[in-house]
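K.L.:
need coordinates for the below:
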Amino acid sequence: MNKSKQYETIFILTPVLSEEQTKEAVDFYRKTLKEHGAKITNEEHWGLKKLAYPIQKKSTGFYHVMQFEGPGTIVKELDITYFRDERVLRYLTVSLDKHAITYLEKRKTRFGKGKDTDQKKSKAAEPTLN
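P.N.:
So this is what the prediction gives:
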């Protein structure tokens, strides 16, 4: 019996890809996760960032982060897929504990991705006439 757990995966795509090719790669990994029974809970595209050290003679890369919930077997399949893909410079998938999940929920609301903050922003943005 596979118990569902929370995971976070981050991958760095090579900077030689066009914006369209980057979107295709992200869509491919989103589709891979869903095919293996995962439910994506959060996703962030950090864009082109400078690397701490050169990887394959490249000093920048496109960063993308996904949090998902799924069975434990999905991590092995995802690692194999990353390893075989020449567009991926580096990747890391970690299991989230209860503290990390709490932190991510707070982070979502702090940066305006939660439902509560969206409502507060819309009320604050309404003009008031005196």
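K.L.:
list the buried residues of the biggest strand by length in the chain.
P.N.:
Longest strand in the chain, counting residues (DSSP state E): strand 39-55. By 16 or more other Cβ atoms under 10 Å, the buried positions in strand 39-55 come out as residue 41. Any C-beta I mention is one placed from the backbone N, CA and C, and that applies to glycine too.
K.L.:
which neighbours does the helix or strand following that strand have in its sheet, and in what orientation?
P.N.:
Note on strand 39-55: by DSSP states H and E, the next helix or strand toward the C-terminus is strand 58-71. Here strand 58-71 has these sheet partners by DSSP bridges: strand 4-13 (antiparallel), strand 39-55 (antiparallel).
K.L.:
from the contact counts, what lies against the top helix by length along the chain?
P.N.:
If you go by DSSP state H, the chain has its longest helix at helix 19-35. Helix 19-35 is packed against strand 4-13, strand 39-55, strand 58-71, helix 73-84, with contacts defined by 3 or more Cβ pairs under 8 Å, 6 or more residues apart in numbering; DSSP states H and E.
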